[in-house]
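1. Let me see the structure of the following:
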Amino acid sequence: IEEELALIGIPTIGGTADIGKAPDMSPGGKMTIDPAVGAVVVGFDRNINYYKIQYAQLAINEQKAEFIVTNLDAVTHLTDAQ
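-> Numbers count the residues shown, from 1 in each chain. Reported below is the predicted structural model:
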């Protein structure tokens, strides 16, 4: 999804740049969301983590970002054997 959005000039966050990130879950920890985020676009992500989930949830709930899902199929084929 990152590559396709880049081709049409739409900036992204939460993709490969956020692999390995973790939210601050200490007492008083707070995540700041970029106010320019207008949509959360979700597709298959082999590198999903709590940072990405929390960021998306806050953007949707606190900033009223649109929630867009790209894969509507009921079965995800993870390998050629599945």
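
2. Run through the residues that contact Ala74.
-> Contacts for Ala74 were tallied using Cβ atoms under 8 Å, 6 or more residues apart in numbering; there are none. C-betas here are computed from N, CA, C, even on glycine.

3. where does it fall, phi/psi-wise?
-> Dihedral angles phi and psi of Ala74 (degrees, to the nearest 10) take the values phi -80, psi -20.

4. And stretch 19-33, what's buried?
-> The neighbour-count check on stretch 19-33 (16 or more other Cβ atoms under 10 Å) flags 23, 33 as buried.

5. for it, what is the average pLDDT?
-> Mean per-residue pLDDT for stretch 19-33: 93.

6. what do you get for stretch 47-55?
-> On average, the pLDDT along stretch 47-55 is 94.

7. Show me what it is in contact with.
-> Outside stretch 47-55, the residues that touch it by Cβ under 8 Å, 6+ apart are 13-14, 16, 18-23, 31, 33, 45.

8. try 10 Å this time
-> Stretch 47-55 is contacted by residues 13-16, 18-25, 31-34, 37, 40, 42, 45, 56 when judged by Cβ atoms under 10 Å, 6 or more residues apart in numbering.

9. Could you pull out the helices in this protein for me?
-> 2-7, 50-63 (DSSP state H).

10. Work out the gap between stretch 34-47 and the centre of the chain.
-> For stretch 34-47, the separation from the chain centroid amounts to 3 Å (computed by Cα atoms, centre = their mean, to the nearest Å).

11. Format the CA atom coordinates belonging to that stretch as PDB.
-> In PDB, the C-alpha atoms belonging to stretch 34-47 read as follows (Å, rounded to 0.1, in the frame of the first residue of the first chain):
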ATOM      1  CA  ASP A  34      -0.100  13.800  13.600                       C
ATOM      2  CA  PRO A  35      -3.100  16.100  13.100                       C
ATOM      3  CA  ALA A  36      -2.800  15.700   9.300                       C
ATOM      4  CA  VAL A  37      -3.800  12.000   9.500                       C
ATOM      5  CA  GLY A  38      -7.200  11.800   7.700                       C
ATOM      6  CA  ALA A  39      -7.400   8.100   7.100                       C
ATOM      7  CA  VAL A  40      -6.300   4.800   8.400                       C
ATOM      8  CA  VAL A  41      -5.700   2.400   5.500                       C
ATOM      9  CA  VAL A  42      -5.300  -1.300   6.600                       C
ATOM     10  CA  GLY A  43      -4.100  -4.100   4.400                       C
ATOM     11  CA  PHE A  44      -2.100  -7.300   5.200                       C
ATOM     12  CA  ASP A  45       0.900  -6.400   7.300                       C
ATOM     13  CA  ARG A  46       3.400  -9.000   8.300                       C
ATOM     14  CA  ASN A  47       4.900  -6.500  10.700                       C
END
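
12. Much appreciated, bye for now.
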